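Colleague: Predicted model, plus sequence, below.
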Amino acid sequence: MSLFGGGKYSTLRPEPTGHKMVIPDGSWVKCKNCNQTLYTDQLRDNLQVCWNCECHLPMTAAQRIEMLCDPGSFSEIAGELRSRDFLGFTDSKPYSQRLKENEDKSGLSEAVVCGRATIDGRPLVIGVMDFRFMGASMGAVVGERITRAVETATAEKLPVLIVTASGGARMQEGIISLMQMAKTSAALERHAEADLPYFVLLTNPTYGGVSASFATLGDVILSEPGAMIGFAGPRVIMETTNAKLPPGFQTAEFLLEKGLIDRVVERKKQRREISFLLEIFASRR
């Protein structure tokens, strides 16, 4: 009866065991939209989609390729190309140091991975951008990898699919980064002249020079739900124009309504949708 002492409840404490629960780093994340705790293993099985609010969270290039392409079918194009600091650019740190840090962080050599693959046995050339590498900014190597991938597809008479995600041009490469808009667009024009299809899958976010070039040149443009797509961000536009923006401005759903996007496709249906497009465009040749 020692629970009651001095007219106050005593505190019951378990006997110390010497053990304490250890949760490994990276075992869970919070959804950026609803703050739901998401366990990484379950999130991976759900294709990086929050099961509470259906928010489509970022995927790596490797995860995208695994989700979309037939197992073992991917063969990289222009993977040997590497960015270099040809301007000797330094902001808060040298560009060369930024490149090394992003390589170590992401495990990638650049912000886009391109290659030949098949989807349900249908061959294509695919490029997938990865936001983890310097916000998937477009510099000389990103532009060159995409251009070489498109030129390979044109030469081999294959369709092209590019999965976009980018914050825009890579300022550390100056005007060279802006030239990639013209270079990639010219390659896609030659691809179109060969009567070959080009598909785009827009993911969150797709901005700047990428949205102003190859991201919006597709024969069919798909997007993930809720993706933010535009040239400049909403805050910059509001400050520049002093105008109130409409609800949902720059979301995939808003742009679908305005005609820029052809379909908004949730992640679990994207492979089937792209396979269908490959079949349709192949049948018309």
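Modeller: Yep, it's here. Everything quoted here is computed from the prediction, not taken from an experiment. Numbers count the residues shown, from 1 in each chain.
Colleague: Tell me how this protein divides into domains.
Modeller: Taking automatic domain parsing as the reference, the chain has its domains at 21-57, 58-283.
Colleague: In CSV: these, plus mean neighbour count.
Modeller: The way it works is simple: take the backbone N, C-alpha and C, and place the C-beta from them, glycine included. Output for the domains of the chain, formatted as CSV (neighbours: other Cβ atoms under 10 Å):
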stretch, mean neighbour count
domain 21-57, 13
domain 58-283, 18
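Colleague: Quick one: those as TSV, columns for mean pLDDT too.
Modeller: Converted to TSV, those look like this (pLDDT from 0 to 100):
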stretch	mean pLDDT
domain 21-57	87
domain 58-283	96
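Colleague: Which element, helix or strand, includes E144?
Modeller: helix 140-155 (DSSP states H and E).
Colleague: Following the chain onward from that helix, which element is next?
Modeller: Next along the chain after helix 140-155, taking DSSP H and E as the criterion, comes strand 160-166.
Colleague: starting at the chain centroid, how far to that next one?
Modeller: Taking the mean of its C-alpha atoms, strand 160-166 sits 7 Å from the chain's own mean (Cα atoms, centre = their mean, to the nearest Å).
Colleague: Which strands border that strand, and is each parallel or antiparallel?
Modeller: Sheet pairing for strand 160-166, assigned by DSSP bridges, gives strand 122-129 (parallel), strand 198-206 (parallel).
Colleague: Give me the residues contacting the helix or strand just after it.
Modeller: Downstream of strand 160-166, the next assigned helix or strand under DSSP H and E is helix 175-193. Residues from elsewhere that reach helix 175-193 (Cβ atoms under 8 Å, 6 or more residues apart in numbering): 86, 137-140, 142-144, 146-147, 150-151, 153-154, 160, 169-171, 198, 209, 212-214, 217, 219.
Colleague: hang on, the earlier thing: between the helix holding E144 and strand 160-166, how many degrees?
Modeller: For helix 140-155 against strand 160-166, the angle by axes from the mean of the first three to the mean of the last three Cα atoms, to 10 degrees is 160 degrees.
Colleague: Just the C-alpha atoms of helix 140-155, please, in PDB.
Modeller: What follows is helix 140-155, C-alpha atoms only, in PDB (Å, rounded to 0.1, in the frame of the first residue of the first chain):
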ATOM      1  CA  ALA A 140      26.100  22.100 -70.000                       C
ATOM      2  CA  VAL A 141      26.200  18.400 -69.100                       C
ATOM      3  CA  VAL A 142      22.500  18.100 -68.400                       C
ATOM      4  CA  GLY A 143      21.800  19.700 -71.800                       C
ATOM      5  CA  GLU A 144      24.400  17.600 -73.600                       C
ATOM      6  CA  ARG A 145      23.100  14.300 -72.000                       C
ATOM      7  CA  ILE A 146      19.600  15.100 -73.100                       C
ATOM      8  CA  THR A 147      20.700  16.200 -76.500                       C
ATOM      9  CA  ARG A 148      22.700  13.000 -77.100                       C
ATOM     10  CA  ALA A 149      19.800  10.900 -75.800                       C
ATOM     11  CA  VAL A 150      17.400  12.500 -78.200                       C
ATOM     12  CA  GLU A 151      19.900  12.200 -81.100                       C
ATOM     13  CA  THR A 152      20.400   8.500 -80.300                       C
ATOM     14  CA  ALA A 153      16.600   8.000 -80.400                       C
ATOM     15  CA  THR A 154      16.300   9.900 -83.700                       C
ATOM     16  CA  ALA A 155      19.100   7.800 -85.300                       C
END
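Colleague: what about the most centrally placed residue in the chain, distance to P123?
Modeller: Here the mean C-alpha position of the chain is nearest to the C-alpha of A165 (Cα atoms, centre = their mean), at a distance of 3.7 Å. Counting by Cβ to Cβ, to the nearest Å, the separation of A165 from P123 is 24 Å.
Colleague: returning to that earlier point: who are the packing partners of the helix holding E144?
Modeller: For helix 140-155, the elements it packs on are strand 112-119, strand 122-129, strand 160-166, helix 175-193, judged by 3 or more Cβ pairs under 8 Å, 6 or more residues apart in numbering; DSSP states H and E.
Colleague: C34 contacts C55, correct?
Modeller: Yes - the criterion here is Cβ atoms under 8 Å, and C34 meets it with C55 at 6.8 Å.
Colleague: which outside residues touch stretch 249-256?
Modeller: With Cβ under 8 Å, 6+ apart as the test, stretch 249-256 has contacts from 202, 223-230, 233-234, 246, 248, 261-264.
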